[in-house]
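[1] Need a 3D model of the following:
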Amino acid sequence: MSQAQNDIDSGAKLTADINDGAQNRNPDNLRFWNLIGEDFRTHDRDIFAQGFCALFWHRVGNWRMSLPNKFLRLPFTLLYRIGAKLTQWICGIDLPYTVVVGRRVKLEHFGGMILIGRAIGDDVIIRQNTTFGVASPAAPFDRPTIGDGVDIGTGAVLIGNVTVGKNAVIAANAVVTRDIPPDTVAGGMPARVLKQRTP
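    Now for the predicted structure:
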């Protein structure tokens, strides 16, 4: 097995389990408001940035699961559902709280983002009209895992149980249907590795 494949496999094992939504999966090394502040700074301190709004409601959706009593959680669940739905309608971003999202993720621009993956790592940039999802209704839990430092271009489609390795770049309009090794640039339909990046 190559070193690149080893890197993909080790990264996938850290974050790619299916999140059933029963617990708070926000990054555990920051308190909630510190995490919100970091997301705010990541989105250029723009409180009206659509990407920041989407992440805010995603973080709220996870935070509420840390409340032990379901009756105490109920008003926050209602608030989350309203906020998440408004984010879909107004911002054009669907990011369910069951997607495990790391720190300093930037949803650059907005609109047409359907981000239903397993996990998104730290320091990831995702641009408009990007889709993460399943490749077939017969495999509803086969969803993409995005490694740390990945840069995803406009209009990219990542489907199925694929892993994008650390610091990879996915070109605009690429269709990713298989694993992409770390430190590479991938593009095309279906996507293939175009060149190696310097780590």
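
[2] How about the secondary structure of Val193?
    Secondary structure, DSSP: H, G, I helix; E, B strand; the rest coil: Val193 is strand.

[3] neighbours of the nearest residue to it once chain neighbours are set aside, just the number please.
    In space, Val193 comes closest to Thr184 once its chain neighbours are excluded; the distance is 4.7 Å by C-beta to C-beta, 6 or more residues apart in numbering. All C-beta spots, glycine's among them, are computed from the backbone N, C-alpha and C. Using other C-beta atoms under 10 Å, Thr184 has 19 other residues around it.

[4] Nearest residue to the middle of the protein?
    Nearest residue to the geometric centre of the chain (C-alpha atoms, centre = their mean): Ile120, 3.6 Å.

[5] That residue and Asn69, how far apart?
    Ile120 is 30 Å from Asn69, where distance means C-beta to C-beta, to the nearest Å.

[6] before we move on, back to that, can you pull the pLDDT of the residue nearest to the centre of the chain?
    With respect to pLDDT, Ile120 scores 97.

[7] who does it bridge with?
    Residues in a beta bridge with Ile120, per DSSP bridges, are Val101, Ile146.

[8] how far does stretch 50-57 sit from the chain's center?
    12 Å (C-alpha atoms, centre = their mean, to the nearest Å).

[9] got a list of contacts for it?
    The contact list for stretch 50-57 (C-beta atoms under 8 Å, 6 or more residues apart in numbering) reads 36, 39-40, 42-43, 46, 80, 83-84, 87, 90-93, 95, 97, 101, 105-111, 113.

[10] one more time with 6 Å, if that's ok
    For stretch 50-57, the surrounding residues in contact (C-beta atoms under 6 Å, 6 or more residues apart in numbering) are 39, 43, 83-84, 87, 91, 93, 95, 107, 110.

[11] what's the most distant pair in those?
    Taking every pair in those and measuring C-beta to C-beta, the maximum separation is 17.5 Å, between His43 and Ala84.

[12] low pLDDT regions in the chain?
    Filtered on pLDDT under 70, the chain yields the residue ranges 1-16, 199.

[13] go with 80
    1-18, 199 (pLDDT under 80).

[14] Now do the helices in it.
    3-15, 32-42, 50-63, 70-86 (DSSP state H).

[15] Out of these, flag the one nearest Leu194.
    Nearest of those (C-beta to C-beta): helix 3-15, 14.6 Å.

[16] Just give the number of residues close to Leu107.
    Counted with other C-beta under 10 Å, Leu107 comes out at 27.

[17] Could you tell me how far it is located from Trp57?
    For Leu107 relative to Trp57 (C-beta to C-beta), the value is 12 Å.

[18] Ok, Arg118 next?
    On the measure of C-beta to C-beta, Arg118 and Trp57 end up 19 Å apart.

[19] now swap in Trp33 and tell me
    Distance from Trp33 to Trp57, by C-beta to C-beta: 15 Å.
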